[in-house]
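[1] Quick one, fold the following:
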Amino acid sequence: MDWFPRHISELDLVANRTLDAGVDLQADHPGFDDPVYRSRRETLAKFSQAHGWNQPIVHIEYTGEEIHCWTAVWDKMEALWPLYACKEYLNALELMKKHCNYNRNNIPQQRDIAEFLESRTNFKLRPVSGLLSSRDFLNGLAFRTFFCTQYIRHHSRPLYTPEPDICHELLGHAPMFANRDFCDFSQEIGLASLGASDEEVEKLARCYWFSIEFGLCTESPVNGGKDQMKAYGAGLLSSFGELEYACGENGVEGPEIEEWDCTRVSMQEFPITTYQPKYFLADSLQDAKVKMRKYCEELPRPFFAQYNSQTQTVFIDRPVKRKEIEES
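    As a prediction, the model looks like this:
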């Protein structure tokens, strides 16, 4: 079979196979013409590239300019989270404030977050210098590992980023990994991606996109009343404009909302540079997880994979021979 990781240490072999190394910026990137910003990105990329699976994440001294950018994003999002974020996110964010030094004037250290998440849900953060292929990224989730960037968007446009950055990762993704249902949901997608065909990986990537990145769920108000639509996807929880667009009152100009159905989701194309024209709504995080598990169980898979958290190894139910891993 094509190569896939069997032990968490083998994530070292794919972590640097980035599609975008985080340094070679596109001409339309706000930091393209800023040599200081590009040099900083290169330094942070080297930290990520030197990281090993059993090493502590390096401590990064963020600059005043970088913290100012973080603060601008935090201040814009802080008023929206109570209105539109799911209760699991809000509960987790309070924990991150207490245990990981989350606040408007400080960019939290990935090492602190990783240690907290491992103690709570056995989920890990792994530094990476840029975007990975869908296959490599999803394979990491099988080991309860999230590949996480360490750079921040350009200071000239603090409320815009053309790529995942530390604001997106730490404000959008990380708090949700303090919730076990969400972690189990993410791992279901990762385990199903191991040894999957390119076609099935693409379907799983769409399921990831419309859930972990742009997922919505239904919540009943504590004091009764009409059910409300809340966000649990990181692309919404870290974007003030799209969060309001997806969950706010938009009238006839709003997006289309469909029920969370994995088969339907797996066929849905999506834009990456504009707001989503369509979102998928689950009854709850538990509902999203159960339906995702059922979908993964019914996929045409070459083997059944199960993760052993004690040995950090994936067990598969039949003998297979892996091809050599392709060089990056």
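[2] Check whether the one residue sitting closest to the centre of the chain sits in a helix, strand or coil.
    Centroid-nearest residue in the chain: residue 173, 4.9 Å away (criterion: CA atoms, centre = their mean). At residue 173, secondary structure determined by DSSP: H, G, I helix; E, B strand; the rest coil is helix.
[3] ok, now the one 4 residues further on?
    Applying three-state DSSP to residue 177 yields a three-state assignment of helix.
[4] What are the boundaries of the strands in the stretch 51-200 of the chain?
    124-127, 145-148 (DSSP state E, counting those that start in this stretch).
[5] Tell me which other helices or strands the first one touches.
    Right, the one you point to is strand 124-127. Using 3 or more CB pairs under 8 Å, 6 or more residues apart in numbering; DSSP states H and E, the elements in contact with strand 124-127 are helix 110-121, strand 145-148. C-beta here means a position set from N, CA and C on the backbone, and glycine is covered the same way.
[6] what stretches of the protein score poorly on pLDDT?
    Within the chain, the segments meeting pLDDT under 70 span 20-25, 27, 250-252, 327-328.
[7] Show me where it has its helices.
    35-49, 64-78, 81-84, 87-99, 110-121, 134-142, 166-167, 180-193, 198-208, 234-237, 240-247, 262-265, 285-298 (DSSP state H).
[8] which helices and strands does the third one pack with?
    In terms of contact count using 3+ CB pairs under 8 Å, 6+ apart, helix 81-84 is assigned the packing partners helix 87-99, helix 240-247.
[9] Swap in 10 Å and give it another go.
    Helices and strands touching helix 81-84, by 3 or more CB pairs under 10 Å, 6 or more residues apart in numbering; DSSP states H and E, are helix 87-99, strand 228-231, helix 234-237, helix 240-247.
[10] For the nearest residue to the residue nearest to the centre of the chain once chain neighbours are set aside, grab the count of nearby residues.
    Distances taken as CB to CB, 6 or more residues apart in numbering place residue 234 nearest to residue 173, at 4.2 Å, with adjacent residues excluded. Residue 234: 24 surrounding residues under other CB atoms under 10 Å.
[11] wait, residue 234 sits on residue 175?
    Yes. The criterion here is CB atoms under 10 Å, and residue 234 meets it with residue 175 at 9.0 Å.
[12] How about the contacts made by residue 253?
    Contacts of residue 253 were listed using CB atoms under 10 Å, 6 or more residues apart in numbering, and they are residue 245.
[13] one step back: highest mean neighbour count out of the helices of the chain?
    helix 234-237 (a mean of 26; mean count of other CB atoms under 10 Å).
[14] what's that helix packed up against?
    helix 81-84, helix 87-99, strand 228-231, helix 240-247.
[15] export these to TSV and tack on distance to residue 272?
    Shown next, in TSV, are those (distance: least, CB to CB, whole Å):
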stretch	distance to residue 272
helix 81-84	22
helix 87-99	23
strand 228-231	18
helix 240-247	12
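[16] got CSV for the helices of the chain, with distance to residue 227 too?
    Converted to CSV, those look like this (distance: least, CB to CB, whole Å):
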stretch, distance to residue 227
helix 35-49, 41
helix 64-78, 24
helix 81-84, 14
helix 87-99, 13
helix 110-121, 27
helix 134-142, 29
helix 166-167, 30
helix 180-193, 19
helix 198-208, 23
helix 234-237, 18
helix 240-247, 13
helix 262-265, 21
helix 285-298, 13
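[17] and residue 148, which of those is closest to it?
    Evaluated over the helices of the chain, closeness to residue 148 peaks at helix 110-121, with 6.2 Å, by CB to CB.
[18] now that closest one and helix 35-49, what's the angle there?
    40 degrees (axes from the mean of the first three to the mean of the last three CA atoms, to 10 degrees).
[19] how much does helix 110-121 deviate in direction from helix 180-193?
    Using the same axes, to 10 degrees: helix 110-121 against helix 180-193 is 100 degrees.
[20] Send me helix 110-121 as PDB with only the CA atoms.
    Provided in PDB are the C-alpha atoms of helix 110-121 (Å, rounded to 0.1, in the frame of the first residue of the first chain):
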ATOM      1  CA  GLN A 110       2.000  26.400  22.100                       C
ATOM      2  CA  ARG A 111       4.000  24.400  24.700                       C
ATOM      3  CA  ASP A 112       1.600  25.400  27.500                       C
ATOM      4  CA  ILE A 113      -1.500  24.700  25.400                       C
ATOM      5  CA  ALA A 114      -0.100  21.300  24.300                       C
ATOM      6  CA  GLU A 115       0.600  20.200  27.800                       C
ATOM      7  CA  PHE A 116      -2.900  21.300  29.000                       C
ATOM      8  CA  LEU A 117      -4.700  19.600  26.100                       C
ATOM      9  CA  GLU A 118      -2.700  16.400  26.600                       C
ATOM     10  CA  SER A 119      -3.700  16.300  30.300                       C
ATOM     11  CA  ARG A 120      -7.300  16.900  29.500                       C
ATOM     12  CA  THR A 121      -8.200  15.100  26.200                       C
END
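[21] Return the distance of it from the chain's centre.
    15 Å (CA atoms, centre = their mean, to the nearest Å).
[22] what packs against that helix?
    helix 87-99, strand 124-127, strand 145-148, helix 180-193.
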